[in-house]
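**Q** Generate coordinates for the sequence data below:
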Amino acid sequence: MHRLDFKKRRDLPSAPPNDLRQALRQFASGVTIVTAECEGEQYGITVSAFSSISLDPPIIMVSINSASQLADMIARSEHFAVHILSAGQEELSARFANSATGSEKYRELQVTPGRSGAPMLEGMLAVFDCVLDQTLLVGTHTLMFGRVVHATSLPEPGDPLLYYHRAYRRIGTS
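**A** All right, here's what the predicted structure looks like:
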């Protein structure tokens, strides 16, 4: 079922942005880096809005600000990779969160092309190589749904990097 005609409660005002930000700080999320390559240029940003959507077919979703250059690059290249970071990769997360160019972000990193052509970073807890399946514009962001064409992960559980209350965290620490 797909509908866009919900009207019963449209007259309710939206929560103020500051209230929403404060409430969202109470939700711990994993930290990912989303990458794409378009016309020989590599792009990537740090993203916390990531989710598994379906196992059959294998679909994941990332939410990317529509004003981001990466959103356009994913749409044009029709691929992306999602990298799940470990607790020791705070610097890498910060590097991909800033506005540096692609060449600066990828400096000194081991990168190989995935099956889709998306740049795959080495040393991650897990990596999902995806072909773009569909997009959906919602508010300021584009939801990018990718069909996973290859997934890889460490053989044993790792220590994931978490983001909670505006700071990086680890499991079992405050």
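**Q** sec struct for Asp72, please.
**A** Three-state assignment for Asp72 (DSSP: H, G, I helix; E, B strand; the rest coil): helix.
**Q** what do you get for Ser116?
**A** Three-state assignment for Ser116 (three-state DSSP): coil.
**Q** Apart from its chain neighbours, what residue comes closest to it?
**A** His79 (3.7 Å; CB to CB, 6 or more residues apart in numbering). For every residue, glycine as well, the C-beta is placed using N, CA and C.
**Q** Dihedrals phi and psi, the residue nearest in space to the middle of the chain?
**A** Centroid check for the chain by CA atoms, centre = their mean gives Val47 as the closest residue, at 3.8 Å. Backbone torsions for Val47, taken as degrees, to the nearest 10, come to phi -140, psi 130.
**Q** how close does it sit to Val62?
**A** 5 Å (CB to CB, to the nearest Å).
**Q** hmm, back to that, tell me the contacts of the residue nearest to the centre of the chain?
**A** Contacts of Val47 were listed using CB atoms under 8 Å, 6 or more residues apart in numbering, and they are Thr32, Ile33, Val34, Val62, Ser63, Ile64, Val82.
**Q** Tell me where the chain has strands.
**A** Assigned by DSSP state E, the strands in the chain fall at 29-30, 32-38, 41-47, 50-55, 58-65, 79-84, 111-113, 119-121, 126-138, 141-153, 162-164, 167-169.
**Q** Of these, which is nearest Ser99?
**A** Proximity to Ser99, assessed across those by CB to CB, is greatest for strand 41-47 (9.5 Å).
**Q** Tell me, how many residues neighbour Met124?
**A** Residues near Met124, counting by other CB atoms under 10 Å, number 22.
**Q** thinking it is in contact with Val82, fair?
**A** No: applying CB atoms under 8 Å as the test, Met124 and Val82 come out as separate, 9.3 Å apart.
**Q** mind showing which ranges of the chain have poor pLDDT?
**A** Scanning the chain for pLDDT under 70 picks out 172-174.
**Q** give me that answer again for 50
**A** Residues of the chain meeting the criterion pLDDT under 50: 174.
**Q** on that earlier part again, what's the overlap in contacts for Val47 and Val62?
**A** Joint contacts of Val47 and Val62 (CB under 8 Å, 6+ apart) are Thr32, Val34, Val82.
**Q** just those now: which is nearest Arg25?
**A** Ranked by distance to Arg25 (CB to CB), the shared contacts of Val47 and Val62 are led by Thr32 at 18.5 Å.
**Q** In this structure that closest one contacts Phe50, no?
**A** Yes: counting by CB under 8 Å, Thr32 touches Phe50, with 4.9 Å between them.
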